[in-house]
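Chemist: Quick one, what's the 3D model for this:
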Amino acid sequence: IFSVQSYISFNFPRLGIFLDTLRDCYEAYVIYLFLTLLINYLGGENVIVLHLEMQGRVRHPWPWCKVLRPLSGNRKLFRTLRACVLQFAI
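Modeler: Modelled structure (predicted):
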């Protein structure tokens, strides 16, 4: 996909902006599908939330753990993380 888009954009510069838009939409779709795959692979939303609740507070990795407080593992955390990934994709 990317090589074809680059080749066409190089040979037809006026089509470049349209192809970039299509490529960005494709990237967003792939990221969304990957998130869905991970959620399903891990057992679904309810299983992930249950695991987060059993784990309790989730610490940030180093060096952020020095400045950020641990997050409480619950459904709100899962929804926030999912919304952040989807916002990145869009």
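
Chemist: roughly how far apart are L38 and L81?
Modeler: 11 Å (CB to CB, to the nearest Å). (C-beta placed from N, C-alpha, C; glycine too.)

Chemist: and what of L42?
Modeler: L42 sits at a distance of 13 Å from L81 (criterion: CB to CB).

Chemist: what's F2 in contact with, if anything?
Modeler: By CB atoms under 8 Å, 6 or more residues apart in numbering, the contact set of F2 is R23.

Chemist: what's the distance between it and L77?
Modeler: Applying CB to CB, the value for F2 to L77 is 34 Å.

Chemist: quick revisit: looking at L42 and L81, which one has more neighbours?
Modeler: For L42 versus L81, neighbours defined as other CB atoms under 10 Å are more numerous around L81 (14 against 11).

Chemist: most distant residue from the middle of the protein?
Modeler: The outermost residue of the chain, judged against the average C-alpha position, is N11 (32.5 Å), by CA atoms, centre = their mean.

Chemist: tell me the contacts of it?
Modeler: N11 neighbours (CB under 8 Å, 6+ apart): none.

Chemist: State the pLDDT value of it.
Modeler: pLDDT for N11: 86.

Chemist: how close does it sit to V4?
Modeler: Here the criterion is CB to CB. By it, N11 lies 11 Å from V4.

Chemist: now T36
Modeler: Distance, T36 to V4, by CB to CB: 26 Å.

Chemist: That'll do, ta.
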